[in-house]
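Novice: I need the structure of the sequence given here:
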Amino acid sequence: MTPIGFSTGALALANFDLALAELERKPVDSVELSALRFPELRPLLESIPRLHLHRYRYVSLHAPSQFKGDEEQETIDALLRLAPPNWPIVIHPDTISSFAHWRIFGRRIAIENMDRRKPMGRTADELKHIFEELPEATLCFDIGHARQFDTTMTEAYRILQLFADRLCQVHVSEVNSASQHDRLSFSAVLAFEQVANLIPRQIPLIIESRVTEQEIDAEIDSVRRAIPRHTPALMPA
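Specialist: This next block holds a predicted model:
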């Protein structure tokens, strides 16, 4: 079965302990620990040894979405010292001021495609330039961002076609006109189904929809409808 889970930031902004507690009895096996604001990063990293993460077969970390002054280098230093080496680190490409400084992470860095507000990283062509700077980086494909930028899903299709070999996880939510992450609507489910076959079944689905604890199960069901996973038919002997 496809790994599926939530971003902690979607469940409890800046409170990863609460988010993990809400997921404790839910049918998830993946989680993204979110530190979207710089002051959240160090407390999260320093808490990792005490967190009960043994039930998750996939764990990733979302780095801050903007930096001021020396915060970018402080983030790099903290991640190198405190983040487990097998965790993908998701980053927004527009936050990067020096690609050279991030190359040290190799495949650990997962570049996320951006929504229409951002100046870069929105299209396959823009991502191509970023991967030229970070040749070992992987891709965190945000299907909601791709749909918001191009509702025909053509750009989503191009991104998945061109960078299938880099794909490490998928962010799933509906991204509204204000670039906020909402629960999936019927139209979003239909749109995501158009490219679902390009997402390998082993790729983790990380839900970013802003939901309450009571809404978690229903949103998981919506995501499974939007990105159905089918076991390939066995070839005849």
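
Novice: The most centrally placed residue in the chain: helix or strand, and which one exactly?
Specialist: Centrality entry for the chain: nearest residue to the mean C-alpha point is residue 171, 4.1 Å, by Cα atoms, centre = their mean. Residue 171 is part of strand 167-172, with elements assigned from DSSP states H and E.

Novice: what's next to that strand, contact-wise?
Specialist: 7, 30, 32, 58, 60, 88, 90, 110, 112, 138-145, 160, 184, 192, 199-200, 203-209, 223, 226-227 (Cβ atoms under 8 Å, 6 or more residues apart in numbering). All C-beta spots, glycine's among them, are computed from the backbone N, C-alpha and C.

Novice: quick one: strands adjacent to that strand?
Specialist: strand 138-142 (parallel), strand 205-207 (parallel) (DSSP bridges).

Novice: Following element in sequence after that strand, please.
Specialist: Trace forward from strand 167-172 with DSSP H and E and the next one is strand 174-175.

Novice: Indicate each strand paired with that following strand and its parallel or antiparallel sense.
Specialist: Here, using DSSP bridges, strand 174-175 pairs with strand 181-182 (antiparallel).

Novice: Which element is encountered next along the chain beyond the strand it pairs with?
Specialist: helix 186-193.

Novice: how far off strand 167-172 does that next one point, in degrees?
Specialist: Angle between the axes of helix 186-193 and strand 167-172 is 170 degrees (criterion: axes from the mean of the first three to the mean of the last three Cα atoms, to 10 degrees).

Novice: Need the residues that contact helix 186-193.
Specialist: Residues contacting helix 186-193 (Cβ under 8 Å, 6+ apart): 143-144, 147, 151, 153, 172, 174, 184, 222, 225-228.

Novice: Same list (those) but as JSON lines, adding secondary structure.
Specialist: Shown next, in JSON lines, are these (DSSP: H, G, I helix; E, B strand; the rest coil):
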{"residue": "143", "secondary structure": "helix"}
{"residue": "144", "secondary structure": "helix"}
{"residue": "147", "secondary structure": "helix"}
{"residue": "151", "secondary structure": "coil"}
{"residue": "153", "secondary structure": "coil"}
{"residue": "172", "secondary structure": "strand"}
{"residue": "174", "secondary structure": "strand"}
{"residue": "184", "secondary structure": "coil"}
{"residue": "222", "secondary structure": "helix"}
{"residue": "225", "secondary structure": "helix"}
{"residue": "226", "secondary structure": "helix"}
{"residue": "227", "secondary structure": "coil"}
{"residue": "228", "secondary structure": "coil"}
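
Novice: what sits against the closest residue to residue 208 other than its chain neighbours?
Specialist: In space, and not counting its chain neighbours, residue 208 is closest to residue 173: 4.0 Å by Cβ to Cβ, 6 or more residues apart in numbering. For residue 173, the contact set (Cβ under 8 Å, 6+ apart) comprises 10, 144, 181-184, 207-210.

Novice: Give the buried subset of these as a PyMOL selection command.
Specialist: Of the contacts of residue 173, the buried ones go into a single PyMOL selection, burial set by 16 or more other Cβ atoms under 10 Å:
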select buried, resi 10+144+181+182+183+184+207+208+209+210
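
Novice: Which helix or strand contains residue 17?
Specialist: helix 16-23.

Novice: And that helix, what does it pack against?
Specialist: strand 4-7, helix 8-11, strand 30-34, helix 38-47 (3 or more Cβ pairs under 8 Å, 6 or more residues apart in numbering; DSSP states H and E).
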